[in-house]
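Q: With the input below, show me the fold.
(one chain, ligands or ions: 1)
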Amino acid sequence: MKTIFEKSNKDNHGGILLDNELSSCDCISSKYLRQGNIGLPNLSELEVLRHYKELSDRNFCIEKGFYPLGSCTMKYNPKVNELLASLEGFTNLHPLSSDEDSQGALELMYKLQEALKIITGMSAISLQPCAGAHGELSGMMVIKKYFEVKNDKRTKVLVPDSAHGTNPASAKMCGFDIVQIKSNERGQVDIEDLKDHLDKDVAAIMMTNPNTLGLFEEKVLEISKLMHANGSLLYYDGANFNAIMGYTNPFLMGFDVVHLNLHKTFATPHGGGGPGAGPIGVTEELKEYLPSPVIDFDGEKYFRNYNIKHSIGKVKAFYGNFGVLVKAYAYILMMGNNLRKASGDAVLNANYIKEKLKGTYLLPYDEPCMHEFVLSGDKQKEQGANTIGIAKRLMDYDIHPPTVYFPLIVHEAIMIEPTESESKEVLDNFIDVMLKIADEIKENPEFVMDSPHNTPIRRVDETQAARHPDLQWKENKQVIQ
Ligand SMILES: *Cc1c(COP(=O)(O)O)cnc(C)c1O
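A: Numbering: from 1, shown residues only. Here you go, the predicted structure:
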């Protein structure tokens, strides 16, 4: 496909302005007028539209096909949410508007906080953090401040080896030392290893439950008792909340701080780097440490409450991601008690696929799973292909690759999360394709390792664009075909 610059035709007049229209009017002093050519492509409006439509058609998205990206919860995002988030009263609200002029938006935020309290079991919520990782950072700052105020010097945070990389990164950014805790042979936090590392320097443990293997931590109550008896706190990474909504909650499991990824569990399109939201919830004991302001209601009006005794302060300036809060609130209202059914169906779908694939692919932790599970491509590796090959080959069948090579404790990991949104037909098709790829590998592993074969662009260098971005257009530059 040609770039828009290569399509440019200098005889074309894309817009309404003709060459010298501005320079012939004396409304702008000539010294401010551009002299040279700005170098924009010359195309008609229709050609521009076609160019970008063609590009967007090449993109993969949840509206186009199955997207079983583990740990990311790529569920259906109801279109009515977009309509509500784009209501003028919301989109035109100035960030410096007074509370009086923002009652509708504040009411929505307050009610979302109340809903998230019920869903998480926590006593108070802050909607400030704008992503999961930002929630982790804010939550760990809360924990740090809590110990500072108590004048209790604690330097360490325990993190299981199955954790998402943002967990140790967030704790480290708060100045804690990270102590890794082993998983046992069943993929659960190894209690003995935890006990060995639990001393008076430990501020907290960061856990994901179900963990990143998709397994529910059966000993979570024992762990929370151990931690609390040691004066330590428990942080809950809520990225996997889609597995437990309405069945249990982090408070019942003994956690003190939790973040939710609204863009994952509560239906906002994500994955393209778009806005997210990572609210945190805390127990009664930690309420006075939340980022300020929290949204409050005095019986008559909603207001931003800055009066929080030990607050860690603001963790961001404004609410540019407000639309995500609107979408989450709309989704929660629409679903009501069916949130529980969504989790139930997500778990059922994951177990269905797992059972159908486990003979053909290695399943290192063969247990009932929650909303996702992790296969290993080790068997296929012996036959000459690997997980990257499998992931790339799936693209030839119009399926987005699952998360691969995470969690780190599984060789050649393939992490599959179907979500509740997909029909049995879609799941069956995925199963058939995965089985077919396993057969292809037996016959011709090189062919699979050379995939994708049918996509507009074949193998790309996965790090080049991020490490050496080249954002300048140059004449005669070679174009990817
Ligand atoms: C997605 C994810 C995170 C980070 O959340 P972001 O919203 O992407 O910052 C943390 N932990 C786990 C387990 C995740 O899947």
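
Q: show me what contacts residue 86?
A: Contacts for residue 86 (CB atoms under 8 Å, 6 or more residues apart in numbering) come out as residue 323. To be clear about C-beta, it is placed using only N, CA and C from the backbone, and glycine gets the same treatment.

Q: I would like the residues contacting the helix or strand encompassing residue 425, please.
A: Using DSSP states H and E, residue 425 maps to helix 424-443. For helix 424-443, contacts defined as CB under 8 Å, 6+ apart pick out 66, 68, 349, 352-353, 356-357, 360-361, 380, 383-385, 389-390, 393-394, 397, 399, 418, 447-448.

Q: do the same with stretch 291-298
A: 106-107, 109-110, 113, 124-129, 138, 142, 280, 302-308, 311-315.

Q: Of the contacts of helix 424-443, which are in range of the ligand?
A: Filtering those for proximity to the ligand (criterion: CB under 6 Å from any ligand atom) leaves nothing.

Q: Can I get the buried part of those residues as one ChimeraX selection?
A: To isolate the buried members of those in ChimeraX, using 16 or more other CB atoms under 10 Å:
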select :66,68,349,353,356,357,360,361,380,385,389,390,393,394,397,399,418,448
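
Q: Strands - which of the contacts of helix 424-443 land there?
A: Judged by DSSP state E, these include no members of strands.

Q: what's residue 317 in contact with, if anything?
A: Counting by CB under 8 Å, 6+ apart, the residues that residue 317 touches are residue 95.

Q: tell me which element it falls in.
A: Residue 317 belongs to no helix or strand, assigned by DSSP H and E.

Q: Same check on residue 196?
A: Per DSSP H and E: helix 191-197 holds residue 196.

Q: now residue 116
A: helix 103-120.

Q: where's the helix or strand following that helix relative to the chain centroid, distance-wise?
A: Next helix or strand after helix 103-120 toward the C-terminus (DSSP H and E): strand 124-126. Relative to the chain's own centre, strand 124-126 is displaced by 20 Å; criterion: CA atoms, centre = their mean, to the nearest Å.

Q: again, but for stretch 204-219
A: Distance, centroid of stretch 204-219 to centroid of chain: 17 Å (CA atoms, centre = their mean).

Q: Also stretch 112-129?
A: That offset, for stretch 112-129, works out to 18 Å (CA atoms, centre = their mean).

Q: same question, stretch 142-149
A: Its chain's C-alpha centre and that of stretch 142-149 lie 27 Å apart, by CA atoms, centre = their mean.

Q: 9 is where my numbering starts, stick with that
A: I'll keep to 9 as the first residue from here, and by that count the last item is stretch 150-157.

Q: Run through who's touching it.
A: So stretch 150-157 is contacted by 161-162, 182-184, 211-212, 241, 243, 264-265, 288, 290, 293-294, 297-299, 318, 320 (CB under 8 Å, 6+ apart).

Q: residues near residue 170, how many?
A: Number of residues near residue 170 (other CB atoms under 10 Å) recorded here: 25.

Q: Okay, strands next: where are they in this protein?
A: 132-134, 164-168, 185-189, 210-216, 241-246, 265-268, 288-290, 302-305, 310-313, 381-384, 411-412, 421-424.

Q: Put together a markdown table for those, with distance to the ligand, mean pLDDT and mean neighbour count on each row.
A: Converted to a markdown table, these look like this (distance: least, CB to the nearest ligand atom, whole Å; pLDDT from 0 to 100; neighbours: other CB atoms under 10 Å):
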| stretch | distance to the ligand | mean pLDDT | mean neighbour count |
| --- | --- | --- | --- |
| strand 132-134 | 15 | 98 | 25 |
| strand 164-168 | 11 | 98 | 25 |
| strand 185-189 | 15 | 98 | 17 |
| strand 210-216 | 5 | 98 | 26 |
| strand 241-246 | 5 | 98 | 29 |
| strand 265-268 | 8 | 98 | 28 |
| strand 288-290 | 12 | 98 | 30 |
| strand 302-305 | 21 | 97 | 19 |
| strand 310-313 | 24 | 97 | 18 |
| strand 381-384 | 12 | 98 | 26 |
| strand 411-412 | 9 | 97 | 19 |
| strand 421-424 | 10 | 98 | 24 |
